[in-house]
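[1] Kindly return the folded structure for what I paste below:
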Amino acid sequence: MDQKVSEAEPNQGPQDAAKKARARLASLPNLLTYGRIVAVPALVACFFLPGDIGNWLAMWIFIAAGVTDFLDGYLARAWEQQSALGRMLDPIADKLIVAASLMMLAADQTIAGWSLWAGIIILSREILVSGLREFLGSLAVSVPVSTLAKWKTTVQMVAIGFLLAGPAGDKIFAYTTLTGLILLWIAAILTLYTGYDYLRAGLRHAMSGKAD
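    Numbering: from 1, shown residues only. Below you'll find the model as predicted:
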């Protein structure tokens, strides 16, 4: 009898591991992250709707994505449901919705002229930081998010929210688009500063000769 029990125990390991893996995939924080990724094509589709409805829907989808961005991190920590999958997908979801919003705003001329440079700066920084994080991760070097970088993200998200409301928002508050553009430039300036910090950290480790 003891022998049968001991032989059955190894079979329980893979099953338990599979259950835990499914539980992590279906955890609420991860589901919220999936929702942000699904929100990207929905937000883009709003730009093809006629009238002001598209602006308002895009803005509310973006706001909802921002709320879930806060909630998934908070709940993962509070419920101890942090996972490697969540850590991988969370920044990807953030970058996807920001990049999609900026590109569509540029396409419909809400961001135009010199303000395009602010959008380019922000998108370039996102690509730069992604590459640097991958490089530093291969060296087992962690680069924590600074307080200034968090402020940059906040200003950037508020700016995009105003710009998504755009002409529809201007009918209620005449300076909606202008406010969004000013905040976008502030975010771009903060982006340059925080991006330089990441670049300096990456170059320091690259020049140290630790990488191949």
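
[2] make it CA atoms for all contacts and neighbour counts henceforth
    OK.

[3] Can you spell out the domain ranges of this structure, please?
    1-89, 109-212 (automatic domain parsing).

[4] can you put these in JSON lines and add distance to V98 and mean pLDDT?
    Formatted as JSON lines, the entries for those read as follows, by distance: least, CA to CA, whole Å; pLDDT from 0 to 100:
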{"stretch": "domain 1-89", "distance to V98": "9", "mean pLDDT": "75"}
{"stretch": "domain 109-212", "distance to V98": "8", "mean pLDDT": "84"}
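
[5] I'd like the ones you listed written out as CSV, with distance to S101 added.
    Written out in CSV, the entries for the domains of the chain read as follows (distance: least, CA to CA, whole Å):
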stretch, distance to S101
domain 1-89, 7
domain 109-212, 7
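
[6] got a list of what the residue nearest to the spatial centre of the chain touches?
    In the chain, the residue lying closest to the centroid (CA atoms, centre = their mean) is D94, at 1.3 Å. By CA atoms under 8 Å, 6 or more residues apart in numbering, the contact list for D94 reads R36, D69.

[7] That one sits in which helix or strand?
    Mapping D94 onto the secondary structure by DSSP states H and E places it in helix 84-107.

[8] downstream neighbour of that helix in the secondary structure list?
    Reading on from helix 84-107 to the C-terminus, the next helix or strand found by DSSP H and E is helix 115-138.

[9] quick one: contacts of that following helix?
    Residues from elsewhere that reach helix 115-138 (CA under 8 Å, 6+ apart): 95, 99, 102, 106, 111, 142-143, 181, 184-185, 187-188, 191-192, 195, 198-199, 202, 205.

[10] how about 6 Å then?
    Counting by CA atoms under 6 Å, 6 or more residues apart in numbering, helix 115-138 makes contact with W185, A188, G195, G202, all of which sit outside it.

[11] The last one: which element?
    By that I understand G202. Following DSSP H and E, one finds G202 within helix 176-207.

[12] Report the distance from that helix to the chain centre.
    Between the centre of helix 176-207 and the centre of its host chain there is 15 Å, according to CA atoms, centre = their mean, to the nearest Å.

[13] Could you list every helix and strand that it packs against?
    Using 3 or more CA pairs under 6 Å, 6 or more residues apart in numbering; DSSP states H and E as the contact criterion, the secondary-structure elements in contact with helix 176-207 are helix 115-138, helix 147-170.

[14] Go through those and name the closest to P41.
    Closest approach to P41 among the helices and strands packed on helix 176-207 (CA to CA): helix 147-170, 14.8 Å.

[15] Report the separation between the closest residue to I61 other than its chain neighbours and L32.
    Of all residues beyond its chain neighbours, the one nearest I61 is L43 (6.4 Å), with distances taken as CA to CA, 6 or more residues apart in numbering. When distance is defined by CA to CA, to the nearest Å, L43 is 16 Å away from L32.

[16] Next, count neighbours for F70.
    Residue neighbour count, defined by other CA atoms under 10 Å, stands at 12 for F70.

[17] picking that back up, most neighbours out of the contacts of helix 115-138, which is it?
    By neighbour count, taken as other CA under 10 Å, the most surrounded of the contacts of helix 115-138 turns out to be A188 (24 neighbours).

[18] gap between the residue lying closest to that one once chain neighbours are set aside and T110?
    If you skip the residues right next to it in sequence, A188 has A118 as its closest partner in space, 5.3 Å away by CA to CA, 6+ apart. Using CA to CA, we find A118 at a distance of 13 Å from T110.
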